[in-house]
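A.B. asks: structure, please.
(4 chains)
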Protein chains: 2
Amino acid sequence: MQSSDAPTRADADRPDPSRIERLCIERGLKMTGQRRLIARVLSEAEDHPDVEELYRRAVTLDAKISVATVYRTVRLLEEKGIVERRDFGGGRARYDPTDRGHHHHLIDVDTGKVLEFEDPEHEKLAQAIAKRLGFILVGQRLELFGRRAPAAPAARPPRPGKSRG
Amino acid sequence: MQSSDAPTRADADRPDPSRIERLCIERGLKMTGQRRLIARVLSEAEDHPDVEELYRRAVTLDAKISVATVYRTVRLLEEKGIVERRDFGGGRARYDPTDRGHHHHLIDVDTGKVLEFEDPEHEKLAQAIAKRLGFILVGQRLELFGRRAPAAPAARPPRPGKSRG
DNA sequence: CTACGTGCAAAGTGTTTGCACTGGG
DNA sequence: CCCAGTGCAAACACTTTGCACGTAG
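C.D. replies: Below you'll find the model as predicted:
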């Protein structure tokens, strides 16, 4: 549904730049159609897609984009600090826009779903531990693997592909 | 469980079974020469070797062992809970005997060295967080990345990610 | 004795890259 | 207009697997 006073504008086949696209422009990246598209997909994602998933979503909007471009773009964005590469096991890297803020993850081992959380207490603790060991904390990774409260001692959950780690 | 004050009577032709070998036997694994060897290498390791490294060490003791066997054995041991698979970035899985006790890692981003540590406070916190989110904690991963001195390094430290040319 | 383990090489996966063409600034 | 970006397929690195043979139990 659109208001009748918003007719087709020549320039408007490109809607407002996405969050991530804006960041790209800020950092001086050349914005091609493909990058804009990937930026949009990332901006709209509320999960932690891997390259294959990004590609799947992108392809529905531009059938001729290639997976190599997704890899290249995602890597570029990582270098620019626009996304972070994650590894939740399963052998595929997953991507997480940094502008969502600092957070950690809880992975439901039965469904594979990923929950985000923050915990200031943990942040303090992590810094304290590093300090105790004689280090300055420059980064960290905390992942909790959990199972929904009522214990279900059934079979092993479907573990993802080849390498989990 | 066996109460063995007395050392298991040694088969005269074999040196004493390694820590890990004992665990393998306990879990009913068929002990071949190769498995015994890998068990020994793992028992003697004080670091977190990857498959290539395990293979390198094993080959010096049995020149005809194959890397496929190392992969198969290490996977078996993981399934039996005798080792844990880790991923510190770099695209290769690294292995950590579980009988060293529960611990986490601090990676020196400048040297790549890995320090182990424990922190009961963190354990409590992690469980509390999981509980708060409605989950029972079944596993977790905490990795701290730190730097020894405030002074800066030169170029890019060994970063996580796959091999790149 | 036999089911399982092993070595070898080939196949699988996820990711990167060389090359010729395209398009953004 | 020119160089960076792209698509394609081949190259890569790590890991798994099919097959024929060997061996622990």
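A.B. asks: tell me the residues of chain A that contact DNA strand C?
C.D. replies: A:30-33, A:50-52, A:67-68, A:71-72, A:75, A:91-93, A:161-162 (Cβ under 7 Å from any atom of the strand). For every residue, glycine as well, the C-beta is placed using N, CA and C.
A.B. asks: show me just the buried residues among these.
C.D. replies: Burial by neighbour count, 16 or more other Cβ atoms under 10 Å in any protein chain shown: within the residues of chain A next to DNA strand C this picks out A:Asp50, A:Val51, A:Arg75, A:Arg92, A:Ala93.
A.B. asks: could you find the closest non-adjacent residue to the last one?
C.D. replies: This points to A:Ala93. Spatial nearest neighbour of A:Ala93, excluding adjacent residues (Cβ to Cβ, 6 or more residues apart in numbering or on different chains): A:Arg85 at 4.9 Å.
A.B. asks: quick check: bridge partners of the one you found?
C.D. replies: Beta-bridge pairing for A:Arg85 (DSSP bridges): A:Tyr95.
A.B. asks: still on that earlier bit, secondary structure, pLDDT and distance to DNA strand D added to the buried ones among the residues of chain A next to DNA strand C, as TSV?
C.D. replies: As requested, these are arranged in TSV below (DSSP: H, G, I helix; E, B strand; the rest coil; pLDDT from 0 to 100; distance: Cβ to the nearest atom of the strand, whole Å):
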residue	secondary structure	pLDDT	distance to DNA strand D
A:Asp50	strand	97	16
A:Val51	helix	98	12
A:Arg75	helix	97	10
A:Arg92	coil	93	12
A:Ala93	coil	95	14
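A.B. asks: on the three-state scheme, the residue in chain A positioned nearest to DNA strand D is what?
C.D. replies: Nearest residue of chain A to DNA strand D: A:Thr69, at 2.9 Å (Cβ to the nearest atom of the strand). Following DSSP: H, G, I helix; E, B strand; the rest coil, A:Thr69 is assigned to helix.
A.B. asks: verify the stated contact: it with A:Gln34.
C.D. replies: Yes - using Cβ atoms under 8 Å, A:Thr69 makes contact with A:Gln34 at a distance of 5.1 Å.
A.B. asks: how many neighbours does the residue nearest to A:Ala93 have?
C.D. replies: 16 (other Cβ atoms under 10 Å in any protein chain shown).
A.B. asks: now do it against B:Asp62, distance only.
C.D. replies: Distance of A:Arg85 to B:Asp62, computed by Cβ to Cβ, to the nearest Å: 38 Å.
A.B. asks: just the strands in chain A please.
C.D. replies: For chain A, the strands defined by DSSP state E cover A:83-86, A:94-97, A:104-108, A:114-117, A:136-148.
A.B. asks: now these as CSV including distance to A:Ser18 and mean pLDDT?
C.D. replies: Formatted as CSV, the strands of chain A follow (distance: least, Cβ to Cβ, whole Å; pLDDT from 0 to 100):
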stretch, distance to A:Ser18, mean pLDDT
strand A:83-86, 13, 94
strand A:94-97, 10, 96
strand A:104-108, 23, 92
strand A:114-117, 20, 93
strand A:136-148, 27, 92
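A.B. asks: in space, not sequence, find me the middle residue of chain A.
C.D. replies: What sits nearest the mean C-alpha location of chain A, by Cα atoms, centre = their mean, is A:Asp96, with 2.2 Å.
A.B. asks: pull up the gap between it and B:Tyr95, please.
C.D. replies: Note on A:Asp96: its distance to B:Tyr95, by Cβ to Cβ, is 27 Å.
A.B. asks: same check on A:Ile20?
C.D. replies: Distance from A:Ile20 to B:Tyr95, by Cβ to Cβ: 37 Å.
A.B. asks: so who does A:Glu121 touch?
C.D. replies: Counting by Cβ atoms under 8 Å, 6 or more residues apart in numbering or on different chains, A:Glu121 touches B:Leu125.
A.B. asks: let me fix that, I meant to ask about A:Gln127.
C.D. replies: A:Leu137 are the contacts of A:Gln127 under Cβ under 8 Å, 6+ apart.
A.B. asks: look up how far A:Glu121 lies from it.
C.D. replies: Counting by Cβ to Cβ, the gap from A:Gln127 to A:Glu121 is 11 Å.
A.B. asks: so where's chain A uncertain?
C.D. replies: A:1-15, A:150-165 (pLDDT under 70).
A.B. asks: which residue ranges of it form helices?
C.D. replies: A:19-26, A:33-44, A:51-59, A:67-79, A:120-132 (DSSP state H).
A.B. asks: deepest-packed of the ones you listed, please.
C.D. replies: helix A:33-44 (a mean of 20; mean count of other Cβ atoms under 10 Å in any protein chain shown).
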